[in-house]
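**Q** Model the structure of this input:
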Amino acid sequence: MKNLKPKNIDEYIKSFPKDIQSILRQIRDAIKKTAPAAEETISYNMPAFKMKKVLVYFAAYKNHIGFYALPSGNKAFQKELSKYKTGKGSIQFPLKEKIPFGLIKKIVEFRIKEIS
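**A** Reported below is the predicted structural model:
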């Protein structure tokens, strides 16, 4: 399903089925609109956006979208993230549920302020 080493975010997205591509594009767009100065890159074989440091990563899996706001992003939004499976710096948004694009934008805004 996934390319082992995508060269860029477009290549990463194209390696998934159409329905997943649509979700990944929407996440990418939400991040770009929130952080227009952020640089797109691939890090750890995942799409990432950075401004001096990495703001966030995201990735598609069989049953969820992984969103990585690093520990600080998860900590700051504990209440809003309580309905999702989370790890120290990871969030799993189930594919069977609506992706919370508004929350993604809020987390990106938080990370921008944190890095600035």
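
**Q** check contacts around the residue lying closest to residue 69 once chain neighbours are set aside.
**A** Leaving aside its chain neighbours, residue 69 sits nearest to residue 107 (4.8 Å; criterion: Cβ to Cβ, 6 or more residues apart in numbering). Using the backbone N, CA and C atoms, a C-beta is placed for each residue, glycine as well. By Cβ atoms under 8 Å, 6 or more residues apart in numbering, the contact list for residue 107 reads 56, 67, 69, 73, 76-77.

**Q** And the strands in the chain?
**A** 39-43, 46-51, 53-60, 64-68, 85-86, 90-94 (DSSP state E).

**Q** Which elements pack onto the first one?
**A** Meaning strand 39-43. Strand 39-43 sits against helix 9-14, strand 46-51, with contacts defined as 3 or more Cβ pairs under 8 Å, 6 or more residues apart in numbering; DSSP states H and E.

**Q** Determine which stretch of these is the most buried.
**A** Across the helices and strands packed on strand 39-43, averaging neighbours per residue (mean count of other Cβ atoms under 10 Å) puts strand 46-51 on top, at a mean of 20.

**Q** Report the mean per-residue pLDDT for that one.
**A** Averaged across strand 46-51, pLDDT comes to 97.

**Q** Repeat that for stretch 106-116.
**A** According to the model, stretch 106-116 has a mean pLDDT of 95.

**Q** got the buried residues for that stretch?
**A** For stretch 106-116, the neighbour count (16 or more other Cβ atoms under 10 Å) marks 106-108, 110-112 as buried.

**Q** that older thread, okay, the helices and strands packed on strand 39-43 in a markdown table with distance to residue 84 next?
**A** Converted to a markdown table, the helices and strands packed on strand 39-43 look like this (distance: least, Cβ to Cβ, whole Å):
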| stretch | distance to residue 84 |
| --- | --- |
| helix 9-14 | 22 |
| strand 46-51 | 18 |
